[in-house]
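Colleague: Provided below for reference: sequence and predicted model.
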Amino acid sequence: MVTRQYRLDEFEQGLPPPNQPLEVLCEDNNGTYLLPYHCHWSDGVWRNSAIGGQINANVFGWRVAT
């Protein structure tokens with residue numbers, strides 16, 4: 001089983017580059033999870049890159065989408 005810290009180490013923390021497709025790591029009471037779609041940081045909120053809707057999740061890390 002992958003530990004929380006191991007997962008966090010794979011991602012950046014802090015402010016991401018704006019308007020760039022990113023993978024985001026989220027966390028809830030069940031653990032950490034990667035959203036199955038790319039997101040971007042725009043106007044101070046996380047958004048789904050495909051539809052532009054705001055993400056309602058606790059984002060703990062990000063990395064450039066490959």
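Modeller: Received the coordinates, thanks.
Colleague: which elements pack onto the helix or strand bottoming out on mean pLDDT in the chain?
Modeller: When the helices and strands of the chain are scored by mean pLDDT, DSSP states H and E, helix 4-9 comes last with a mean of 87. Using 3 or more C-beta pairs under 8 Å, 6 or more residues apart in numbering; DSSP states H and E as the contact criterion, the secondary-structure elements in contact with helix 4-9 are strand 22-28, strand 31-34, strand 59-64. All C-beta atoms are positioned from the backbone trio N, CA, C, and that covers glycine.
Colleague: looking at the ones you listed, which is nearest to residue 40?
Modeller: In this view, those are compared for proximity to residue 40 by C-beta to C-beta, and strand 22-28 is the closest at 6.1 Å.
Colleague: elements contacting that closest one?
Modeller: helix 4-9, strand 31-34, strand 39-42, strand 59-64.
Colleague: for the least confident helix or strand of the chain, which positions count as buried?
Modeller: Applying a neighbour-count criterion of 16 or more other C-beta atoms under 10 Å, one finds residue 7 buried in helix 4-9.
Colleague: rewinding a little: redo the helices and strands packed on helix 4-9 as JSON lines? Include mean pLDDT, distance to residue 12 and mean neighbour count.
Modeller: Formatted as JSON lines, the helices and strands packed on helix 4-9 follow (pLDDT from 0 to 100; distance: least, C-beta to C-beta, whole Å; neighbours: other C-beta atoms under 10 Å):
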{"stretch": "strand 22-28", "mean pLDDT": "95", "distance to residue 12": "9", "mean neighbour count": "18"}
{"stretch": "strand 31-34", "mean pLDDT": "90", "distance to residue 12": "14", "mean neighbour count": "14"}
{"stretch": "strand 59-64", "mean pLDDT": "95", "distance to residue 12": "6", "mean neighbour count": "17"}
